[in-house]
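Novice: Give me the fold of what follows.
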Amino acid sequence: MHQDPAALLRSPLHASHIGHGARFTDFSGWRMPLRYGSELAEHRAVREQAGLFDLSHMGQLEVSGPEAPAALDYALVGHLSAVPIGGARYTMLCDAAGGVLDDLVAYRLASHRYLLVVNAINTRVVHEAIRTRCADYAAWAADRTNERAIIAVQGPRAAPIVEALTGTGLTRLRYYTVALLDIDGRPAVVARTGYTGEDGFELLVHAEDAVCTWEAALVAGRRHGLTPTGLACRDTLRIEAGMPLYGAEIGRDVTPFDAGLGRVVSFVKPGDFVGRAALAEAHKSGVTRRLVGLVASGQRIPRAGQQVVTLTDDGHGADPVGLITSGTPSPTFKRPIAMAGIRAGTSDSIRLAVQIRGTTEPVEIVPLPFYRRPR
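Specialist: Numbering: from 1, shown residues only. Below you'll find the predicted structure:
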């Protein structure tokens, strides 16, 4: 059941989206742009030129204080005290059993100041968990979500657009780094991060500066083919790039190792952290599930929750081996693609199919990600 639109949160850019012809959707308690025109055209714009996204629904938590680095080492699975100032780290918040409460990006803005960008659906959960886990440290967590906006410029032409906005050369701002810059005299956190598989930047600005920044980006990007883009193409882009979505590829019933993301867990950092014992045991005993990419033979689209089965010689489905976590028609490859969690030990060469409305659609296991941007 959809929420009453009047009860949904609005981005500071809501009026701008209406002016640009956006079609809206209900997403994690927010009213956000789904698309402005053609979802396919928006996807291609990001792959070939640049797209402009409003990500203001994402949670923004600031953690500061003299013991903030140690507090985040305890609260999160990553080694946050080892992140240099101006660095960023993809990490996770796990429970004591090793289940993922959220995946997030942590930016170290200063020696004792971090900004965590979290999934909209989990903002309250993450804030409460971080606040509780910081209780024994001289560190404090504040929710800044409603004070700021996030605007993303993604695509091969993103760098010259953001350089024009900031008046700054960005060659030293490497992937997964962050800088404090000005946009038309207004302060901004500029991070070279994204969720599309392309080069790109995320601009974190004060809510009152959001409209000016959005419109300035459109002007700066005009000659580079910059297009306003919605959440629909963001999903097809991230699936092509093999990027996980909370509630699909990862969740409370999945450890980072089962999601193929065990690299984010640091056992070498000093001290304990929440979930360490369970994650160490999961690492030792081995995964029971692995995340794979699937490409369909025909044009039927695998969707989340559909069963993956072995395929017999006569074309019938047999032994269940897993479930689809995300699926879409791929605008880049012009074939249906999907990610699936399947039983560990299932051979890449085995014949598989997806059960789609009572019939079997043959699929092939392929390496993730489906798409890698040209270097």
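Novice: Check the chain and tell me which residue is nearest its centre.
Specialist: The centroid of the chain falls nearest to Tyr195 when counting by Cα atoms, centre = their mean (5.0 Å).
Novice: quick one: that residue and Pro244 touch, right?
Specialist: No: contact criterion Cβ atoms under 8 Å: Tyr195 and Pro244 do not qualify, at 10.1 Å. All C-beta atoms are positioned from the backbone trio N, CA, C, and that covers glycine.
Novice: Domain-wise, how is this structure divided?
Specialist: Split into domains by automatic domain parsing, the chain comes to 1-284, 288-366.
Novice: so can I have CSV of those domains showing mean pLDDT?
Specialist: Below are those laid out as CSV (pLDDT from 0 to 100):
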stretch, mean pLDDT
domain 1-284, 97
domain 288-366, 94
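Novice: Wait, a helix at His127?
Specialist: Yes: according to DSSP: H, G, I helix; E, B strand; the rest coil, the state of His127 is that of a helix.
Novice: Contacts only, for it.
Specialist: By Cβ atoms under 8 Å, 6 or more residues apart in numbering, the contact list for His127 reads 59, 61, 141, 143.
Novice: cool, and Asp253?
Specialist: Contacts for Asp253 (Cβ under 8 Å, 6+ apart) come out as Gly99.
Novice: ok, now Val189?
Specialist: 107, 109, 115, 178-180, 203-205.
Novice: Can you classify it by secondary structure?
Specialist: Following three-state DSSP, Val189 is assigned to strand.
Novice: if we can go back for a sec, show the contacting residues for the residue nearest to the centre of the chain.
Specialist: Tyr195 makes contacts with 152, 154, 234, 237-238, 241, 243, as judged by Cβ under 8 Å, 6+ apart.
Novice: re the thing from before, for the contacts of His127, which two are the farthest from each other?
Specialist: With distances taken as Cβ to Cβ, the most widely separated pair in the contacts of His127 is Gly59 and Ala141, at 11.2 Å.
Novice: Switch the domains of the chain over to TSV; also include distance to Arg375.
Specialist: Below are those laid out as TSV (distance: least, Cβ to Cβ, whole Å):
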stretch	distance to Arg375
domain 1-284	10
domain 288-366	17
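Novice: Between these, which one is closest to Arg373.
Specialist: The nearest among those, by Cβ to Cβ, is domain 1-284 at 5.3 Å.
Novice: name the element the residue nearest to the centre of the chain belongs to?
Specialist: For Tyr195, there is no helix or strand it lies in under DSSP states H and E.
Novice: Compute the distance between it and Val105, please.
Specialist: 9 Å (Cβ to Cβ, to the nearest Å).
Novice: cool, Gly78 as well?
Specialist: Gly78 is 10 Å from Val105, by Cβ to Cβ.
Novice: again, but for Ser56
Specialist: Separation of Ser56 from Val105 (Cβ to Cβ): 15 Å.
Novice: So for these two, which residue has more residues nearby?
Specialist: Remark: of Ser56 and Val105, Ser56 carries more neighbours, 25 against 20, as counted by other Cβ atoms under 10 Å.
Novice: and that one, that one's in a helix?
Specialist: No: applying three-state DSSP, one finds Ser56 to be coil, outside a helix.
Novice: OK, contacts around it?
Specialist: Counting by Cβ under 8 Å, 6+ apart, Ser56 touches 11-13, 30, 148-151, 207, 210.
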